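J.: have a look at this prediction, sequence included:
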Amino acid sequence: MTRFSAFSLFAKALGGHQSWPEQWPDASPKPAYDAIIVGAGGHGLGAAYYLAKKYGITNVAVIEKGWLGGGNTGRNTTIIRSNYLYDESAHLYDHALKLWDGLSQELNYNTMYSKRGVMMLAHNVHDVQSFKRHIHANRLNGVDNEWLTAEQAKEYCPPLSISPDARHPVLGAALQRRGGTARHDSVAWGYARAAAALGVDIIQNCAVTGIRRGADGAVEGVETTRGFIASKRVGVSAAGHSSVIMQMAGLDFPLESYPLQALVSEPVKPVFPCVVMSNTVHAYMSQSDKGELVIGAGTDQYVSYSQRGALHIVEHTLAAICEIFPIFRRMRMLRTWGGIVDVTPDRSPILGKTPVPGLYVNCGWGTGGFKATPGAGDLLAYTMAKDEPHPINAPYNLDRFRTGRLIDEAAAAAVAH
Amino acid sequence: MRRPPPLWRTEMLLIHCPYCEEQRAEIEFAYAGEAHIARPPDPAALSDEDWTQYLFIRSNPRGRHHERWRHTHGCGRFFNAVRDTATDKFEVTYKAGELRR
Amino acid sequence: MSDALARSEPVLAGHFIGEGVTIALAPPLTRYSLRARQAQALETVLKTKLPKRIGETEAGIACLGPNEWLLRAPAGTTLPMGAGLPLAITEISERSVCLIVEGRRATEVLAAGCPLDLERFAVGRATRTVFETMEIILLRTGEDRFEVEVWRSFAPWLSRALETAARQLLRGK
Amino acid sequence: MSGFRLDRGGRIDRSRPISFSFDGVTYQGFAGDTLASALLANGVKLFGRSFKYHRPRGLLGAGSEEPNALVSVSRGPGRHTPNLRATAVEIYDGLTATSQNRWPSLKTDIGAINDRLGMFLPAGFYNKTFMWPRSFWDKLYEPLIRRAAGLGEAPSEEDPDHYGAVYAHCDLLIVGAGPAGIDAALEASGTSKRIVLIDEQDEPGGGALDDPALWPWLKESLKDLAAAPNVTVLNRTTAFGYYHDNFIGAVERLTDHLTDVGSGSREQLWRIRAGEVILAQGAIERPLVFAGNDVPGVMLASAAKTYLLRHGVAVGRAVALMAAHDSGWRDAFAHARAGVAVTAIIDVRETVAPALTGEAAELGIPVRLGHSVIRVHGRHAVKAITAARNDGTGHARIACDALLMAGGWTPSVHLWSHSKGSLAWSDELGAYVPDRPNEKVRCVGAGSGKWNCGSGLVIDALPTPRDPSRIKAFVDFQNDVTAKDIHLAVREGFKSIEHIKRYTTTGMATDQGKTSNLNGLQIAAQALGRHVTEVGLTTFRPPYTPQTFGALAGHAQGALFQPTRKTCIDGWAEEQGAVFELVAQWRRARYFPLAGEDMLAAVNRECRAVRSSVGIFDASTLGKIEVVGPDAAEFLNRMYTNPWKALEPGRCRYGLLLKEDGFITDDGVSARLAPDRFHLTTTTGGAARVLNMMEDYLQTEWPDLDVWLTSTTEQWAVIALQGPLARKLLEPLVEGIDLSPEVFPHMAIREGTICGVPTRLFRVSFTGELGFEINVPAAYGRALWERLMIAGAAHGITPYGTEAMHVLRAEKGFIIVGQDTDGTVTPYDAGLDWAVGKKKPDFVGKRSLARPDIAALGRKQLVGLLTDDPAVVLEEGSQIVADPTQSIPMKMIGHVTSAYWSEALGRSIALALVAGGQGRMGEVLHIPTPGQTFTATVSPMVFYDPQGERLNV
């Protein structure tokens, strides 16, 4: 692997950039692997990388039906934070956050992780109570998250309107300074390049059509559009299509897939210094390195695998954005797109073993998967390598839906009274 | 455990209400999850596994999906539909209680 | 005891009057929600005919759903409760107010937020629908006259939205 | 000609001169000019700077496809708009435009250093560096990258303009009012169909506007369409997205072209549902890829023709043409005929139709077949070009001040693709054309791939003798993507077009690749050695052109963003100077401060009044549902945790509602008015949710039950009178109801009249005091409230708000669903075992309560919490630990859900969810907060009047 650096860039430039090698070879499937990952998104590629890097399993294939990083990895708004309420969540996302730090150096690929701070707006007494609860819990869990007054919030994000006459006036905000954004494509490409360098095969345009199980019920490999590939360890990290893949193994999952929209504005000079989220008004925004305002919209109400941007969701989202940031009303929407998010009943992921021996799953991240990318990859790798979950992902088992030990962050923030 | 619907919707899909016998705008309707999952007559008799199946397990297919909608801002009735989740096109809608299409 | 209590309304009776469209608050009405599996059950109790098709109105009674009717009558009208019968008669006189949108440009004003094809919404039709995010019951009571039933606390928003739409329309959008 | 304006010709109105300014210089133009044509007429060639290399750029096109000429337009406070295409900005008197992405000036731009360093900034360079030293990223590298990026400046003030929205329905929607679109409209206008014809330009006509020969036809046609009652024509309206079921989003621009914008909407969002759609969007000419193809003065031949024939402006005094397609020749001929010198026609093809060479000869234009332009001289403007034979020999320098490019045509299939219609590759056209539709839609005219502008050669990049890795031949002009960038991407293993697009950012600029996508695709295919169709096509995503946030937000702005629901008593509270809080969609009075009172003082006073005399509270926001029918009791019995069948008419009962997962979702006191009629109440935020949930079970699970639900939330105003003097105050006002305790006990309801209006009078208490909740028809709520205030004056009546209500109920250990419970609390967790019907075989959520982890010990349970220091009011949300000495991460065993100063008890009180709480009575726990750790003792939840004696007065 040619090391990336200002020097190599300079050297190659003199040669007219003719001698850059492929960042990852376009591999063809071998008959068998020690481990197969289904889905070449950030999570799947990360898992392959950590399998090879930390657990010494290098005979690994990542199988992707399209092109790597083309799913939710390349379609999300790249918000990174870890200020979750429950211990299980805080530990999971903070594990990821720690890995984000220094990821560029580890992968020798600039993932452009920008600690811009993630600010969540409180608009009513209930929000305040809920955020204070988060802040107290985060502090005792060693996760940074601080309370800002409306004025401090305005200072931190000048475009913010804190007018008391607003329909949803800003009463304050919770700020996680370590939170921020990263360049989504670079994350997928960085993991792909680093994994490939360690011997991982990245096989694109290869769709899984079946999961072969032996007489004992254990996994023997996967049927694909490019033939059968044998492996006793298969990890499924297929986001919106997880239900479809798991059904190939005869497993019904507590998942539903919904379209999630996002959009960007035309690029402008730096104007928006952080990430702002408002659950009450339903608006999420940051500004990319390129200058585009990156805006996350809501999910459509119905199950769908069509990645179509829905106008009504966009209308609602931009109304919300203009309500909180009235100076942007003349800004223009450049591009909208849709992803498919797989949502579990408690909106927390399922990461661990399945009832089928040798089959592992990483799914149900809903709208929050990107922030967990390095952590999910690492934990899926650990679980596949040891055939048992890491203490951090142990609570995220499938059985919790039977026993009732749900991890429901959204419910904890439930609005009523 | 159904997702709360978005607060705010405008017209998108065109949906045929089997009660009003009219095509009406999606904004008048609320999605109500997978159809033909009847509540067990005697939940107490169910194993935890079976109860979980009823409560949480969904088919979530890519393709033909049986689902419920409610004409909330119309006649108010829940009804069933078959829709292709790959294209979002409705195949048919029919009244609650009618046999699975 | 002492003199009767005065009514208060959520929006001013003060109307919007513009070229080709007026918006006004209707006087108080008696309203009942009528529910039964078949119209016939209610007809026996109320001794009046009910429209059978969803969207039709007859003598001030609108059929809103397969088992739901809205009765609107002059204020003070009272109905039997049909106690013990397999039907439901519930008074909702004050639940909503009625905004009257009238004039040759009435459909244009309503089209600002109502997804129905109003040009094809015949006189005499009535249906529950929405204006932007807000549930309304829309009745076309004349070629150029619509009555909009809206829940009391939503009336200020709706009348403001309708007036804004009308103003923009008259200013050439 | 004066400047570059021709003496005659064009559709501009020479009788209406217009003065405007660009970068501080004032210019003259005419009505009908765009900013681009007017500046061209004044000899301006330099319009802006490119995104990455800050290269000087002029006009490439003449319409919405323009990638280069982006400007900012400011027209007073809050009306600054960045990134507008000069080619789509109509001029008006006083228009003030400025160039972007340059410093200090457009001519001398420091950022242009990037151009010199270009070799070090290839595609994806930022992935490869800026990693060392690590700390420099946040502090130095990223801020630098960000400052260099971006185009114009964002607005800095709130936009004063209004934006409208409207729904429209038609039988036929035609997008694009060029000849094809107009013909389609004329053809259908004879039918009874409702037709809408929309076009993005300031006047209909499309391509016909560039062809004087068609103007008479255009005039006639538009007259006919205007006369047709069933046809609506919308100019300045862009169909930006094609959605499910023939739903098209369009934005009409109403005031941007006016000197005085007035007070009407700036833009209007059209939400159009069409029976059938005809797409007549035409085609966009394709640039050619060669070194220097971005020098100001190099532009699309068709654009030059537009300026010439529509605006009466010559793009140069001596123009040359570089063609790979016949259409360019005709454009060059048009220039010659208009008296503009054409110094050369260069065509990469070895042979072309004799008719072309013949006509060129007649016009005396030198022609070079089998040649390509290999160099463009001049930096801020074209001075000359060098052409060579395709084999690289025979260099020739040709003088010209403008170079037209004719690279063939790309049908505009954007909307077709939004609608998920399929595309087919045409080798002949070198473009994707509409194939199979997915909706009721068809394409006509150039957009369908059928047009008569001759044939051409499909070529990825012009041949050149120079080292391709050393030249900048641009594919995406705005994002500065060159052919070599695409080759580099392929070399580095990016083989899917989506990868190449994302790695090089080609097609991702504000023009969304209208002029670059196909060139990029063909270069990629060539680099990969594959056929274009094997490389794939990037998805077309709405919007077709960028649209304002304001237009898409539509009405939902300011006061119309979302409704704030107010009760009929809200106005009174406002007049009293009440402080409000927002609860769900409602606003509620939180407290009623007297002069000089803060919240605590006011709330204490309000609480004292309720405990000592009588308080009055507006409870109108409580959700209400009337449940009627023979099976009403049976239905409620199945929904709620507690039994309902035995409840006698005239009595009330607290109802607890679970979701099927066993967790508390709502509660409220409900009354049985008659054997078949119940008056339910729900929480304020839960009203709609609960009604929908009940309808769901009723219609879907138990359709056999004869019971019907009606929301009566807004039918009734609810006034709570709470306090020892409540009955005394009420007695003289009520008729037909005996208030004496023995006949009207706690948790009973009576119907009668109050002050002459009918009432449903509840004897209930959420405060622990003698209390009544008076339901009257909403229209009379305010008048009754005022009457009660007068009548109550003698009894010291005191209005209290939600905050005092919270304190009073907490003193009694009454929970607030959503505050003391979240979506994870069962009735047992909340200490509401008594509300669960043990003998009931089933109710919603019952089965889930038997799940292992729900039945398990050690779950968080609601308990009281008394701080050792009675003055300390804990912060709601504080976390609780058993061992305060442990290190972080600490083991948290619960949190404080409610905490108040209790005036009645003269100390603080709190409710908390604590693991195994009900087994910890008397245990001392710790609450670590920044700076201080508090200690508190677990107690029962009822702090005040545990025996409930105060109710029975």
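T.: Received, thanks. Residues are numbered from 1 along each chain as shown, chains lettered A, B, ... in the order given.
J.: for the stretch 101-250 of chain D, just list every one of the helices.
T.: With helices called from DSSP state H, counting those that start in this stretch, the stretch 101-250 of chain D shows them at D:113-116, D:125-128, D:136, D:142-148, D:179-189, D:215-227.
J.: and the contacts of the last one?
T.: Applying C-beta atoms under 8 Å, 6 or more residues apart in numbering or on different chains, the external contacts of helix D:215-227 come out as D:11, D:182-183, D:185-186, D:189, D:197, D:204-205, D:208-209, D:231, D:233. Yep, even glycine has a C-beta here, placed from its N, CA and C like the rest.
J.: assign A:Ile229 to helix, strand or coil.
T.: Three-state assignment for A:Ile229 (DSSP: H, G, I helix; E, B strand; the rest coil): strand.
J.: my guess is it contacts A:Glu220. True?
T.: No: here A:Ile229 does not reach A:Glu220: they are 10.1 Å apart, not a contact under C-beta atoms under 8 Å.
J.: more neighbours: which of the two?
T.: For A:Ile229 versus A:Glu220, neighbours defined as other C-beta atoms under 10 Å in any protein chain shown are more numerous around A:Ile229 (23 against 17).
J.: how about residue 101, what does it touch?
T.: Just so you know, I chose chain A. By C-beta under 8 Å, 6+ apart, A:Asp101 lies in contact with A:113, A:178.
J.: actually, chain D is the one I wanted.
T.: Per C-beta under 8 Å, 6+ apart, neighbours of D:Asn101: D:48-51, D:54, D:70, D:111, D:150-152.
J.: overlap between those and the residues near chain A?
T.: D:51, D:150-152 (C-beta under 8 Å from any C-beta of the partner chain).
J.: widest-spaced pair of those?
T.: Maximum pairwise distance among these (C-beta to C-beta): 11.4 Å, between D:Phe51 and D:Gly152.
J.: which of these two has more neighbours?
T.: A count of neighbours by other C-beta under 10 Å puts D:Phe51 above the other of D:Phe51 and D:Gly152, at 30 against 24.
J.: and the contacts of D:Asn101, which is closest to D:Gly781?
T.: D:Gly152 (53.2 Å).
J.: who are the neighbours in contact with the closest residue to that closest one other than its chain neighbours?
T.: Residue nearest to D:Gly152 in three dimensions, not counting chain neighbours: D:Pro82, with 2.6 Å by C-beta to C-beta, 6 or more residues apart in numbering or on different chains. Contact analysis of D:Pro82 by C-beta under 8 Å, 6+ apart lists A:266, A:268, A:331, D:70, D:72, D:100, D:151-155.
J.: which residue packs closest to the most centrally placed residue in chain B, ignoring adjacent ones?
T.: The residue lying closest to the centre of chain B (C-alpha atoms, centre = their mean) is B:Arg68, at 1.4 Å. With sequence-adjacent residues excluded and distances taken as C-beta to C-beta, 6+ apart, B:Arg68 is closest to B:Ala32, at 3.9 Å.
J.: quickly list what A:Ser286 is bridged to.
T.: A:Val294 (DSSP bridges).
J.: residues near it, how many?
T.: Neighbours of A:Ser286 (other C-beta under 10 Å): 24.
J.: from what I can see it touches A:Val275, true?
T.: Yes: with contact defined as C-beta under 8 Å, A:Ser286 reaches A:Val275; the gap is 4.2 Å.
J.: list the buried ones in stretch D:86-96?
T.: D:86-92, D:95-96 (16 or more other C-beta atoms under 10 Å in any protein chain shown).
J.: wait, I meant stretch D:99-109
T.: Under the neighbour-count rule (16+ other C-beta under 10 Å), stretch D:99-109 has D:99-102, D:106, D:109 buried.
J.: find residues that contact each of A:Ser286 and A:Val275.
T.: Counting by C-beta under 8 Å, 6+ apart, the contacts common to A:Ser286 and A:Val275 are A:79, A:116, A:181.
J.: was I right to think the last one contacts A:Arg116?
T.: Yes: contact between A:Thr181 and A:Arg116 holds when scored by C-beta under 8 Å: they sit 6.2 Å apart.
J.: who does D:Ala406 bridge with?
T.: Here D:Ala406, judged by DSSP bridges, has bridge partners D:Ala323.
J.: number of residues surrounding it?
T.: Neighbours of D:Ala406 (other C-beta under 10 Å): 30.
J.: could you do D:Pro745 as well?
T.: For D:Pro745, using other C-beta under 10 Å, the count is 13.
J.: now the residue nearest the centre of chain C. Nearest residue, chain neighbours left out?
T.: With distances taken as C-alpha atoms, centre = their mean, C:Glu149 lies nearest the centre of chain C, 3.1 Å away. The shortest distance from C:Glu149 to any non-neighbouring residue, by C-beta to C-beta, 6+ apart, is to C:Ile137 (3.8 Å).
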